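Asker: Fold the following, please.
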Amino acid sequence: MSDRSFLECWSLDFDDVGFVEGFNLGSRIWVAFQFRFFRTHGRFPSREDDLCPEGLQYLGQQLDLSVPDTGQFRFHHVNTRRHRGAILRYLGVRRATDRDRSALRTWIVEDCRSSSSTAEEQIASGYAWCLANSVHVPSDKIMERLVRGARNDFLESLLASIVRCLPTGTQTKLDDSLSEPRGPGGFHLMKGDAGAATLDNVLGACDRLAFLESLELPGDQLAGVDQAWIAMLCRRVEGENASEMRRHGEERRLGLYALYLMDRRRKLTDDLIDLLLEIIHRLQTRSRRTVIGGIARDIERVHGKERLLFDIAEAAVEDPEGRVIDVIYPVAGVAKLNAVIDEHRAKGTLDKRIQTVMRGSYAGHYRRMMPKLLSVLRFRSNNAVWHPILDALELIISLREGKRRTVPVGIAPAGSIPSGWKEFVVDDKGRLNVISYELCVLNQLRDSIRAREIWVEGADRYRNPDQDLPADFEERRDSYYTGLGLQQDARVFVADIRASLEEELQFLNATLPKNDTVRLRQTGKNLISVTPLDRQPEPAGLIGLKNEIGRTWPMTSLLDVLKETALDTGFLDCFESSASREVLAHDVRNRRLLLALQSVGTNAGLKRVAAGAGDISIDELAHVHRRYMDAKALRAACARVTNATLAIRNPEIWGPAGTTCASDSTKFGAWDRNLMTEWHARYGGRGVMIYWHVERRAACIYSQLKRCSSSEVAAMIEGVLRHCTDMEIQRQYIDSHGQSAVGFAFAHLLGFELAPRLKAIARQKLMLASAGQRTSLPNLAPVLSGVVNWNEIVRQYDEMVKYAAAMQHGTADPESILRRFSRGDVMHPTYKALAELGRAIKTIFLCRYLRLESFRREIHEGLNVIENWNSA
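Answerer: Numbers count the residues shown, from 1 in each chain. Next up is the predicted model:
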């Protein structure tokens, strides 16, 4: 609580003091406490957690009274009830009637639609409503019953409104899907994953999407409903099998299933696009690998060509003035030279050979997916530059219906054939090869979808990028700027950064001659030389500490550790049933949860753990796994354990609580069937990427499952924003792959400092605050670059803040936003401004990095923690 909020909560005015002084001296402090607590919360204190020693202390100072111990307060004493009645009369608050409760319940139902508040948060909101309407609900149980009843009313009304909009035919199809769960369009098929990027899986996903389209589900009924409610109901359906779904009443059964399928349609659309992008990418990479491998084999197979080239070169050098027919032909021969020429012409350029191999693979196998794919996916673009691709997709549909192999090139939309593809797509007679044209368009489609220039109707991750931005930014501008801690005046914002940049450049210029660890070279590409840091000695007691831990806990069971952690932190409370009610006893549920968590965490599997447990069956473990365990609950449990770890540390041993964190990724092998599995360009092999955020004392505060090709900059930002622990990150250590100019810009806008260990530090450049500053920095002349375009930052400041607010408030994930600002999209005005801002912030960082050896050591120490974590 801020100082201002504290004063607002516990301050008494003159009238309030007069009211309190009407009670006997021994009761005044408690009357004042209950009075101010009620004015703030709309209810009276009812549990130990409500008692605030600091608030009592402040009230005692205002009333000049001694402050009693909080343990002396009696919640249910007759005098306490009498005091509360007097407070209510003084405030003009009456006891809530049945009409008041009905109005409150109606208000909560209306609030549920646009709010993702939990039941506890809505209980607090309910008390605030009562206070605003001068009514009092005397019991927490009554308020809880009202809130839970209102939430249930909202869910029932939502499901009823969905069912009312379902055509009779749709209701029949939904019931058939539940009756035959393993058939075409069955319940199990609808819940299944898309699978690996194969033609059969693409066709299967298209069939499922076509089935969902045929249902004519009323998607408009979910407009305005908070996503948290949809996720909760979908999780409920995910946790049930077909027979359990059939047990529900008709309205609940059809409503739940229809809502689930509306949400499933968005996810299935995303999965289908992922399959399409992966197949196109696979065509490119495999074709390139095939062609390059063929070239390598050709070189190895026609080894005589090297000897032939040597003989020709030797003959030419010996007789440079001779005629070709006299010097070269006797060595090589006309026939042999013509054969070499013909072979080279047949092979063509590398790009053309790759395109030819791609065409063969596409035409012979993958082309069958196009009709179904284009029938279920509707591509759109907000940028007129990409409209030729949309027109080209329409042309492909019409050409497939006509079954023509070649058509006049003039019917292709202008701008749909890049120069690099024209020779491959258009033949010698000026005709358009339809199959080659399809491949050309698909390659451009992949690039534009990844850059968010083309989006897909009904998708989630690939939706209209304009929906990523906060819809109420103009109305709540002040709130968004305050949340980011930024000035609304762009010129003030720029002036502060410009002053910092000028100051850091001057500091570095002044200290560089005396800096023995940093040198600037005058020529070459690698202009900056930084002396490596000396190795620090190992702490004296480290080996002894490790040995003592080994002696004290030589063979500790992981299950014992998990159980003790659960008892100490209560993290099992984070797992709630997805069903509408819970019948398992608390201790039974917790035991099964621990075993299910062990089976997943150790990869032992439910079957092996159930066999070892003896008295628990695999079906019982599977039920707990299905009903209780989901990503949100697991993340909340991890956050609780991390918070408990941070809180229990003794500052005398661990030092003060830090505000710094390091992040890095590590690759885990995964099967091809996993849609996220990709080939890792740096580490080799197929797998997925886990991106960790680890604080300075080696406690992991966040982890993410990502594709190997995912942006590490985006993963870094997401972890800082979403870690959900009590730690406040002010500085983030990363390696070279986790930083970029745009990353520096967003980090500054979001209120934390980026501190990378740059692999290419020798080739870094420093930006200038102004053109006239160059002459005042003679010691930095070799590494000085251009001048920051401050006007561009000022012009696009509001747009940059809008994107930063979208990241902070979760209207879009960082990776989706950063895709819009890829290096290829240099014409985007906001990208230009972000790049300019990022270069300025990066230069400030580089100046400090080069000037301060202690800063470099701090970054290395932080990253060594995450490297050690990855090696475990």
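
Asker: what's across from Val787 in the sheet?
Answerer: Under DSSP bridges, the beta-bridge partners of Val787 are Leu768.

Asker: Look up the pLDDT of it for me, please.
Answerer: Looking at Val787, its pLDDT is 95.

Asker: so who does it touch?
Answerer: Listed by C-beta atoms under 8 Å, 6 or more residues apart in numbering, the contact set of Val787 reads Met767, Leu768, Ala769, Ser770, Ala771. From N, CA and C alone the C-beta is placed, and that goes for glycine too.

Asker: ok, now Thr97?
Answerer: Thr97 sits in contact with Val135, where contact means C-beta under 8 Å, 6+ apart.

Asker: What are the boundaries of the strands in the stretch 51-200 of the chain?
Answerer: 94-95, 135-136 (DSSP state E, counting those that start in this stretch).

Asker: Name the single longest helix found in this protein.
Answerer: Counting by DSSP state H, the longest helix found in the chain is helix 250-301.

Asker: Quick one: closest of the strands of the stretch 51-200 of the chain to Gly360.
Answerer: With C-beta to C-beta as the measure, strand 135-136 is the member of the strands of the stretch 51-200 of the chain nearest Gly360 (76.4 Å).

Asker: thinking again about what came up before, any chance of the strands of the stretch 51-200 of the chain in TSV, with mean pLDDT, distance to Leu56 and mean neighbour count too?
Answerer: Formatted as TSV, the strands of the stretch 51-200 of the chain follow (pLDDT from 0 to 100; distance: least, C-beta to C-beta, whole Å; neighbours: other C-beta atoms under 10 Å):
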stretch	mean pLDDT	distance to Leu56	mean neighbour count
strand 94-95	92	27	12
strand 135-136	92	23	20
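
Asker: Dump those into CSV; add distance to His77 as well.
Answerer: Below are the strands of the stretch 51-200 of the chain laid out as CSV (distance: least, C-beta to C-beta, whole Å):
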stretch, distance to His77
strand 94-95, 20
strand 135-136, 19
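
Asker: which of the contacts of Val787 count as buried?
Answerer: Met767, Leu768, Ala769 (16 or more other C-beta atoms under 10 Å).

Asker: just those residues now: which is nearest Gln487?
Answerer: Nearest to Gln487 among these, with distances taken as C-beta to C-beta, is Ala769, at 18.4 Å.

Asker: what residues are up against the closest one?
Answerer: Arg498, Leu501, Glu502, Leu505, Val787, Val788, Ala840.

Asker: So the fifth one versus Leu705, what's the distance?
Answerer: In this structure, Val787 and Leu705 are 42 Å apart, going by C-beta to C-beta, to the nearest Å.

Asker: cool, the third one as well?
Answerer: To Leu705, Glu502 is 43 Å away according to C-beta to C-beta.

Asker: same question, the second one
Answerer: Leu501 sits at a distance of 38 Å from Leu705 (criterion: C-beta to C-beta).

Asker: So for these two, which sits in the more crowded spot?
Answerer: The neighbour comparison of Leu501 against Leu705 (other C-beta atoms under 10 Å) goes to Leu501, with 24 against 15.

Asker: Verify the contact between the more buried one and Trp790 for me.
Answerer: No: in this structure, Leu501 is not within contact of Trp790 by C-beta atoms under 8 Å, at 10.0 Å.

Asker: tell me the SS of the closest residue in space to Ala805 that isn't next to it in sequence?
Answerer: Using C-beta to C-beta, 6 or more residues apart in numbering and skipping the chain neighbours, the partner closest in space to Ala805 is Tyr480 (4.4 Å). At Tyr480, secondary structure determined by DSSP: H, G, I helix; E, B strand; the rest coil is helix.

Asker: could you dump the buried ones among the contacts of Val787 to TSV with pLDDT and distance to Met143?
Answerer: Shown next, in TSV, are the buried ones among the contacts of Val787 (pLDDT from 0 to 100; distance: C-beta to C-beta, whole Å):
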residue	pLDDT	distance to Met143
Met767	94	58
Leu768	95	62
Ala769	94	58
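
Asker: Of the residues you listed, just say which sits nearest to Ala714.
Answerer: Comparing the buried ones among the contacts of Val787 against Ala714 with C-beta to C-beta places Met767 closest, at 23.9 Å.

Asker: Surely that closest one touches Ile841?
Answerer: No: between Met767 and Ile841 there is no contact under C-beta under 8 Å: 9.7 Å.

Asker: Tell me which residues of stretch 391-407 come out buried.
Answerer: Buried residues in stretch 391-407, counted by 16+ other C-beta under 10 Å: Asp391, Ala392, Leu393, Leu395, Ile396, Leu399, Thr406, Val407.

Asker: These in strands, which ones?
Answerer: Of the buried residues of stretch 391-407, the ones assigned to strands by DSSP state E are Thr406, Val407.

Asker: In CSV: the buried residues of stretch 391-407, plus distance to Phe73 and pLDDT.
Answerer: Converted to CSV, the buried residues of stretch 391-407 look like this (distance: C-beta to C-beta, whole Å; pLDDT from 0 to 100):
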residue, distance to Phe73, pLDDT
Asp391, 74, 94
Ala392, 75, 94
Leu393, 71, 94
Leu395, 78, 92
Ile396, 76, 92
Leu399, 81, 88
Thr406, 89, 89
Val407, 86, 89
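
Asker: Closest to Ala160 out of the buried residues of stretch 391-407?
Answerer: Leu393 (39.7 Å).

Asker: On the three-state scheme, Ile690 is what?
Answerer: The three-state label given to Ile690 by three-state DSSP is strand.

Asker: ok, now how distant is it from Val865?
Answerer: To Val865, Ile690 is 16 Å away according to C-beta to C-beta.

Asker: Provide a list of residues in contact with the closest residue to Ala781 other than its chain neighbours.
Answerer: Excluding the flanking residues, the one nearest Ala781 by C-beta to C-beta, 6+ apart is Arg774, at 7.7 Å. Residues in contact with Arg774 (C-beta under 8 Å, 6+ apart) are Leu768, Ala781, Leu784.
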